[in-house]
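>>> From the sequence below, what's the structure:
(chains A and B)
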Amino acid sequence: MTVGGADRPDGTPTVPAGAPTVSGAASVPGPGASARPPGTGRPDVTEADGWIPSPIQVERLAYRRSRTRRSALIAACSTVVLIGVVVLVVVNTPGWPKFRDSFFDLAYGWQVLPDIAEGLWLNVRLMAVCEVVILAFSMLIALARTLRGPVFFPLRAAATVYTDLFRGLPLILVLYMLGFGMPSLRVDWLPSSALFWGCVALILTYSAYVSEVFRAGIESVHPSQRAAARSLGLSHGQTMRFVVVPQAVRRVLPPLLNDLVSLQKDTGLVSVLGVIYDAVLNARIHTAETFNYTPYVVAGLLFVLLTIPMTRLTDWVSRRQGWTGAGSHL
Amino acid sequence: MLTIATDQPVYEPWFVDNKPESGKGFEGAVAAAVADTLGYGTDQVTWVRASFDSVISPAPKNFDFDINEFSITPDRAKVVDFSSGYYDVTQAVVTTKGSTIDGATSVADLKSAHLGAQIGTTSLDAINDVIQPSQKPAVFSTNDDAVKALQNGQIDGIVTDLPTAFYMSAAQLDDGVLVGQLPSTGEQPEQFGLLLEKDSPITNCVSAAVDALRADGTLAQLADQWLAQAGAPELK
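Alright, predicted model coming up:
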């Protein structure tokens, strides 16, 4: 059962879109014309509805197509010119030969690629494990922050202090303090593995951010939804579980994916703890051996290749939900 | 004016109290002696700080030479200039009392240990090439991090240059033990050199100054003064 009709997808047309255009007056953009997305190019000639575009419409479509071709051509030209200018400027700088040898040494890059790729696999696994824990933990924090009633004050306060603290602390300091600090307590049942504490540091820092994203989502659900759910006899827990959280999560999906992309890169910071041979550490070792920065460039490219699918996925999810917002597009 | 660079911070026994301009510590004294040989008085020398990563880039340098335990290797010499070596380096192993490698007498005894070294040092190469341990070595940004990890029991031992090893075992670690020196890797002894910008016009002058200091015994005398060098058993 749906509450308050909010789950009904909005904008679903109840009447087939082609139906109202029987009059065939295509030159007058009547109310029915807006159902067809503008600029779809080809008219659905004849087939089902027997509609034959008027000569004016044919002319208009041809004109639109020519404008599209013109835009594409201009975009291509301006891109080529811009890239050309940038390349020319860079290549003609006085330090370019040295720069190229130091940053784009192809042979050396190829030589270190397997090492760095192997390190990247560790980054990916690290990211996957941390992300699962982060999502669960941060949801708990967000729920704790949205609890009502004076009896829950300690929980709310603890969650607030936690998010304030770990959003403020630079990740690299958390890594140092946990990675070198916790093992020095010399408690037997505490693991002393740097990988473990690196994970913990990532989880603590990122959960603080992600819990705020979740909280924003939860608070964006209109109070009337909550009231309606409670009036139908759902408990607070059921209201959250069946009404509020599902809507909240859907709304914050793009920022969540954004944080995931960011986490992917920050797994590279774990290498400051020393024993974790991830892509960044392998690149640093090779760079320090030869004073050649190409391994950094290789690692950077691999990270970009890793995050691009994630970024595109985020865009796709946003678009699917109709959030083109200010209209940004590629 | 002569501008000399080093890292921030710097450590004993190479510098004293993180004050390179005092001319104390082995490298502080060598830098002062090189400046003196080149004809610069103490008031004509400026010290600047430059991190490892900034020094090794091909970007223009804001110093005449950098002194910071840079080992000379052919690969590195493609990107920067090195003067003649001012110190012959041996690598040594440090651990804590009662660890698994305390009392090791041969390189083979170290194979099963989890060893650590600072990134960008030839100590790391020594672990991989000479000891060839069963576990990949731990790589730290600074020697301080390595010492912390050794104290925590996260690693069994640290490989570093001999003077630093003496300093670690005597001053930084409460129950430090210097296990011994490692046999050298290559045909030529490893050396520390002053680092200059690639094709710097003064590389030859600086090298000549270092050579002169070596020839007249100044380098040996400074090493005796600042670096504890005796009494480290050699690991076979």
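
>>> How about the contacts made by the most centrally placed residue in chain B?
Residue closest to the average C-alpha location in chain B (CA atoms, centre = their mean): residue B:69, at 3.6 Å. With contact taken as CB atoms under 8 Å, 6 or more residues apart in numbering or on different chains, residue B:69 is in contact with B:14, B:27, B:121, B:161, B:192. All C-beta atoms are positioned from the backbone trio N, CA, C, and that covers glycine.

>>> Give me the subset of the residues you listed that lies in helices.
Judged by DSSP state H, those include residue B:27 as members of helices.

>>> can you narrow the contacts of residue B:69 to ones near chain A?
residue B:121 (CB under 8 Å from any CB of the partner chain).

>>> Quick one: the contacts of residue B:69 as JSON lines, columns for distance to residue B:65 too.
JSON lines is the format used below for the contacts of residue B:69 (distance: CB to CB, whole Å):
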{"residue": "B:14", "distance to residue B:65": "15"}
{"residue": "B:27", "distance to residue B:65": "11"}
{"residue": "B:121", "distance to residue B:65": "20"}
{"residue": "B:161", "distance to residue B:65": "20"}
{"residue": "B:192", "distance to residue B:65": "12"}
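
>>> Can you tell me which of the contacts of residue B:69 is closest to residue A:159?
Of all the contacts of residue B:69, residue B:121 has the smallest distance to residue A:159: 44.5 Å, by CB to CB.

>>> List the contacts of that closest one.
Taking CB under 8 Å, 6+ apart, we find residue B:121 in contact with A:288, B:69, B:71, B:160, B:161.

>>> From residue A:177, how far out is it?
25 Å (CB to CB, to the nearest Å).

>>> if we can go back for a sec, mind checking which of the contacts of residue B:69 are in strands?
Of the contacts of residue B:69, the ones assigned to strands by DSSP state E are B:161, B:192.

>>> ok, the contacts of residue B:69 vs residue A:160, which is closest?
Of all the contacts of residue B:69, residue A:160 sits closest to residue B:121, with 45.1 Å by CB to CB.

>>> Just the pLDDT for the closest one.
The score at residue B:121 is 83. That number is its pLDDT.

>>> again, but for residue A:192
Reading off the confidence values, residue A:192 has pLDDT 77.

>>> Let me see the backbone angles for the one residue in chain B that gets nearest to chain A.
Chain A sits closest to residue B:120 of chain B, with a gap of 3.1 Å, by CB to the nearest CB. Note on residue B:120: backbone dihedrals following degrees, to the nearest 10 are phi 80, psi 10.

>>> How about it: what's its closest non-neighbour residue?
residue A:288 (3.1 Å; CB to CB, 6 or more residues apart in numbering or on different chains).

>>> what's the next secondary structure element after the lowest-mean-pLDDT helix or strand in chain B?
Ranking every helix and strand in chain B by mean pLDDT, DSSP states H and E puts helix B:52-55 at the bottom, with a mean of 80. Following helix B:52-55 in sequence order, the next helix or strand is strand B:65-71 (DSSP states H and E).

>>> from the chain's centre, how far out does that following strand sit?
8 Å (CA atoms, centre = their mean, to the nearest Å).

>>> Check stretch B:121-132 too.
Using CA atoms, centre = their mean, the offset of stretch B:121-132 from its chain centre is 14 Å.

>>> in it, what's buried?
Applying a neighbour-count criterion of 16 or more other CB atoms under 10 Å in any protein chain shown, one finds B:121, B:122, B:123, B:124, B:125, B:126, B:127, B:128, B:130, B:131 buried in stretch B:121-132.

>>> Many thanks, have a good one.
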